[in-house]
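Undergrad: Let me see the structure of the following:
(one chain, ligands or ions: 2)
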Amino acid sequence: MLEGIQSAAQPASWLARGQALFLFLHLLGIACFAYIVAKRLAPLLRAQRDLRFDRPLARLGKVLKFWLGQWKHPRYRTAGTLHILIFAGFILLAMRAFTVLIVGVSQNFVMPGLSGEAGHLYEVATDYAATVVFLCMVFAIVRRAVFKPARYEVPAKFGKAHKADAIFLLVLIAILMVADSLFEAAKAVAQAQPGQHAVFAAALSLPWLLKVTLSAVSLPTLGGLCFTGYLLHEIAFYFLLCYRPFGIQFHVETSLFNVYFSKLDRGKLKPVKWGVSDEHLDQMKSFGVKTFEDFTWKHMLDFYSCADCGRCSDNCPANAVGRPLSPRFISIKARDYAFQHYPMFGGANNSQPLIGSIYSDDEIWSCTTCGACEEECPMLIEYIDKIVDLRRGMVDDGAVPQSLQKPLKALSSRGNPYGKMEKKKADWANAKDFQQVCPVKTLDGKNAADTLYFVDSVTAFDDRMQSIGRATAKILDHVGENFGILGAAEKDSGHDVRRFGEETLFMALRDHNTDAIKASGAKRIVTADPHAYNALKHDYKDVPPVEHISQVIAREVKAGKIEFRPLESDGDVYTYHDPCYLGRHNQIYDDPRDVLDAIPGLKRVEMTRSRDRSFCCGGGGLMLFYEPKVDQRIGVKRVQMAAEAGANVIVTACPFCMVNIEDAIKVAGLEGKMTAIDLAELVDQHIARQGTGGEAAEAQQ
Ligand code: SF4
Ligand code: SF4
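TA: Ligands and ions are numbered 1, 2, ... in the order given. All right, here's what the predicted structure looks like:
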């Protein structure tokens, strides 16, 4: 075919011989890709609504930060660096790939703006980009095949391993880079004037290496190599394009859209159904997600976008203690289900209930809604909303775990999970000896106050946690806050009821509390419970602004209204455990630490997993009352992490955490060696009160 080519001035003519074939492959590749994508979009068209077309600037910002900027990738240094290099290489090579594809059918094509010096510079950059991507592929293949990072493994209970598929794709990309470089090298050597070298601008790059190797090769052979390089590039390009939507690499196509349409509001839960107001919920025939088509289109896009990197599961506390939940497989199993039920040929198969087919009930109940998976995911894939939606479906079908039936019944009848009488809600504050130390008003119409202290169920009713309530009240009193509580009129905030999937009960609790809060006339709300904080901030509407007590303390310390007595050095080492609903969900990391660091003499260390990588205590999403079918407790792991950090006092700022951590200290056999204390309790014990020394601590007892 190429025998007639004798002149270096006609390298384009080598390609011209294959023009018809290249054009055919282009059309075939594009048609196949369009068909495959149309098939993949089919379930999204049958999915539920999801309103994600608002705030385009904020969404663009997310794309710039998380997609283009690869913001989350460095959290895993080796894999992250590898991904950033590959991604940057792909971005650089994108224009080159299109140019090469067009050159096959229009040999003299030059991308506008890339002629002359700019084109030369771009060529140098792409030579290096192709080299870096190629080397990254080699490294990634060796890493996957030889070093086998644990987080990529697939436990048998979750299905088949994906290693072979991953390696196959890496090899394909490596071939693409070699083919591109071969095409360029053969063309450049052929174009060089007789007696001169081809332009070896990008020294030590893959194309450069090939150029050097081919420098003595005859023109007809160069023609053959140029042709072969082009053909291989085209086949590899379209094969990759069409193969990716069948597996984990589909994220290459979907990630940009997935990031653009990602959730903008932290801490907020999706409504039961987008576009259906609370008032019209009772007209819905079914609640939550029961079949695949009950997911929203964005949640389906999430499934397609999962890169199977395992970062979510690596950080999931439920997965860490062997519960049947691994968030990565929530996505992978749903994606496999979509592929199976929406096949490439033929129509969609009948949908089956997801629980019992791809998910188990224990798997879905195991989530603490801690948000570690979402924090880690570089694709910004959402899990909490999906898990809550699946729970809504189970609650709608009456499939509530035995251990949670009692607290739910109590919440419905008494407004708290313990089933205690409403009138007992303020007992912690009304005890005579405490009223003498710190009188707490009940805002019942006769009393008014600027600030409402929203106590919530665990602090109000758990004997141990009432100490957090008393400490909080004393701190508010110390800084001169005119505050009161709702007392019997306060019901559970419903935060965890909602995350459990009981939306109707949540709405009843929310509406009751909203009326009571409004009737109190308070202008702002303070709480020491991050779950109540999150509910009042994100789940309630039309209530005054809310602050967590750690924010109040930090502000008053800075303003000089709170001063501390020095901590008597007794060798204690403190560590701060970030509650999920204060830290990850609401980004309050510094205030509690600033408060601790303001106590003179307090020695503080950080656990390896802290701030946005904090490890859940295991208590969110009504988990305080759920009895999972495994032995190891999440809280025990957390306590061991504190011990490893060299701490013997765990400070937290959440009554849920306190219940779990104190329990875990006992289970871990660390009683006497490790203690836990709430930030409010610690602050109350060490506030320098006028004319007092250690009375505060004593009064606390
Ligand atoms: S929210 Fe927490 S417990 Fe639930 S899946 Fe994610 S990491 Fe696991
Ligand atoms: S959900 Fe995100 S973090 Fe988890 S495996 Fe998929 S891409 Fe990785």
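
Undergrad: CA only for contacts and neighbour counts going forward, please
TA: Noted.

Undergrad: Contacts only, for the residue of the stretch 51-200 of the chain found nearest ligand 2.
TA: Closest approach between the stretch 51-200 of the chain and ligand 2, counting by CA to the nearest ligand atom: Tyr152, at 8.7 Å. Tyr152 makes contacts with 163, 308-310, as judged by CA atoms under 8 Å, 6 or more residues apart in numbering.

Undergrad: Could you dump those residues into a markdown table and include neighbour count and pLDDT?
TA: Shown next, in a markdown table, are these (neighbours: other CA atoms under 10 Å; pLDDT from 0 to 100):
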| residue | neighbour count | pLDDT |
| --- | --- | --- |
| Lys163 | 16 | 87 |
| Asp308 | 21 | 93 |
| Cys309 | 16 | 94 |
| Gly310 | 22 | 95 |
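
Undergrad: now, among those, which is nearest to ligand 1?
TA: When those are compared for distance to ligand 1 (CA to the nearest ligand atom), Gly310 comes out closest, at 11.3 Å.

Undergrad: quick one on the thing from earlier: for Gln402, state which of the contacts of Tyr152 is nearest.
TA: Within the contacts of Tyr152, proximity to Gln402 (CA to CA) peaks at Gly310, which comes in at 31.5 Å.

Undergrad: Show the end-to-end separation of stretch 274-289, please.
TA: Taking CA to CA, to the nearest Å, the first and last residues of stretch 274-289 lie 13 Å apart.

Undergrad: List the buried residues for it?
TA: Using 16 or more other CA atoms under 10 Å as the test for burial, stretch 274-289 gives 287-289.

Undergrad: Give me the average confidence score over stretch 678-687.
TA: Along stretch 678-687, the predicted confidence averages to a pLDDT of 97.

Undergrad: again, but for stretch 401-415
TA: Mean pLDDT, computed over stretch 401-415, is 93.

Undergrad: quick one: buried residues of it?
TA: By neighbour count with 16+ other CA under 10 Å, stretch 401-415 contains the buried residues 401, 404, 407-412, 414-415.

Undergrad: ok, back up a step: near ligand 2 too, which of the contacts of Tyr152?
TA: 308-310 (CA under 6 Å from any ligand atom).

Undergrad: related to what we said a few turns ago, what's the closest of the buried residues of stretch 274-289 to ligand 1?
TA: Val289 (16.5 Å).

Undergrad: If I look at the closest one, what pLDDT would I see?
TA: With respect to pLDDT, Val289 has a value of 97.

Undergrad: buried set for stretch 237-249?
TA: Across stretch 237-249, burial judged by 16+ other CA under 10 Å covers 237-238, 240-249.

Undergrad: Which of those sits closest to Phe483?
TA: Distance to Phe483, by CA to CA, is smallest for Ile248 among these, at 54.6 Å.

Undergrad: Show me what secondary structure element comes after whatever helix or strand Cys373 lives in.
TA: For Cys373, the element it lies in under DSSP states H and E is helix 372-376. As assigned by DSSP H and E, the chain's next helix or strand after helix 372-376 is helix 384-396.

Undergrad: Give me the distance from the following helix or strand past that following helix to the chain's centre.
TA: Proceeding N to C from helix 384-396, the next assigned helix or strand is helix 402-414, under DSSP H and E. Using CA atoms, centre = their mean, to the nearest Å, the distance from the centre of helix 402-414 to the centre of the chain it belongs to is 30 Å.

Undergrad: The nearest residue to Val497 once chain neighbours are set aside and Tyr540, how far apart?
TA: Once its chain neighbours are removed from consideration, Val497 has its nearest residue in Phe506; the separation is 5.8 Å (CA to CA, 6 or more residues apart in numbering). Noted for Phe506: a distance of 10 Å to Tyr540, by CA to CA.

Undergrad: more neighbours, the two?
TA: In this view Phe506 and Tyr540 are compared by other CA atoms under 10 Å, and Phe506 has more residues nearby, 23 against 18.

Undergrad: pretty sure that one contacts Lys491?
TA: No. Counting by CA atoms under 8 Å, no contact exists between Phe506 and Lys491, whose distance comes to 10.6 Å.

Undergrad: All the helices of the stretch 351-500 of the chain, residue numbers only.
TA: Counting by DSSP state H, counting those that start in this stretch, the segments of the stretch 351-500 of the chain that form helices are 361-365, 372-376, 384-396, 402-414, 427-430, 432-437, 457-461, 466-478, 495-500.

Undergrad: out of those helices, nearest to Ile525?
TA: Put simply, out of the helices of the stretch 351-500 of the chain the one that sits nearest Ile525 is helix 466-478, at 11.6 Å, with distance taken as CA to CA.
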